[in-house]
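> Got a sequence here, can you build the structure:
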Amino acid sequence: MKSTLKEATNEYYNSFELSSKQLNQLESLEREHHFQASKTSANKNWFLPVATLVAGIFLVMYFRPAPEPEMYPNVLATEIAYNYNKTLSPEFQGRSIPEIKPHFSKLDFQLVSSQHNKISDFKLIGGRYCSINKQLAAQLKLVGNNNNETLSWFQLPLPRDRQMIEKSTEIYHNGVKLVMWTEKGVLHVLAGKH
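Numbers count the residues shown, from 1 in each chain. Below you'll find the predicted structure:
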């Protein structure tokens, strides 16, 4: 009687037997393979959490908001004295804050008038944009009543949660006298050669 292919294949492979030595070697290979596989999977088990942690730290550091620039009087004095010493002409003409305010629409704050006694001795003639402490600021040009003396009146925004200078502070930097104070949520600085 003829057998099917399946039966013939079974008979052929069943005719082979492994010796006890061959069985021991096979079991030894299996144990060794199982040990190496468990070591590899243990290495893989810690790799994914560590890689995720490193990626998370990178994302937090990369996308964190930039810190607000610090507003220390001595740091600001350097930039303000530099802007004052450039002696650039006003870009906009105006004789009062309400008249000149529309020209400063790019500012993150509103120009404000001041009650400082030094300003009352001068008249406003115009202003221009400038950059102080990595922020857009206003540089207003003031002229004395005798048209001899000129001052620059800088206004820049303060962080909402802090008042930097409670009272009027004087600083001298690069031959420029700077008077700083806060008023109406704005940092004011008068710069001139006194």
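
> ok, residue 14 - contacts?
Residues near residue 14 by C-beta atoms under 8 Å, 6 or more residues apart in numbering: none. Using the backbone N, CA and C atoms, a C-beta is placed for each residue, glycine as well.

> Can you show me the helices along the chain?
5-14, 20-63, 73-85, 97-100 (DSSP state H).

> packing partners for the second one?
Helix 20-63 sits against no helix or strand, with contacts defined as 3 or more C-beta pairs under 8 Å, 6 or more residues apart in numbering; DSSP states H and E.

> ok now it, how far from the chain's centre?
What separates the centre of helix 20-63 from the centre of its chain is 40 Å, taken as C-alpha atoms, centre = their mean, to the nearest Å.

> try the last one
Relative to the centre of its chain, helix 97-100 is centred 33 Å away, using C-alpha atoms, centre = their mean.

> Using PDB, write out every CA atom in that helix.
The C-alpha trace of helix 97-100 is given here as PDB (Å, rounded to 0.1, in the frame of the first residue of the first chain):
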ATOM      1  CA  ILE A  97       2.500 112.900  24.600                       C
ATOM      2  CA  PRO A  98      -1.000 112.700  23.200                       C
ATOM      3  CA  GLU A  99       0.200 114.300  19.900                       C
ATOM      4  CA  ILE A 100       3.200 111.900  19.500                       C
END
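
> buried sites along that helix?
97, 100 (16 or more other C-beta atoms under 10 Å).

> Just the mean pLDDT for stretch 27-47, thanks.
Averaged across stretch 27-47, pLDDT comes to 70.

> Stretch 111-130 now?
Mean predicted confidence for stretch 111-130 is 86.

> Identify each buried residue in that stretch, please.
Neighbour-count burial for stretch 111-130 [16+ other C-beta under 10 Å]: 111, 114, 118, 119, 122, 124, 125, 126, 127, 128, 130.

> how long is it from one end to the other?
For stretch 111-130, the first-to-last residue distance is 14 Å (C-alpha to C-alpha, to the nearest Å).

> All good on my end, thank you.
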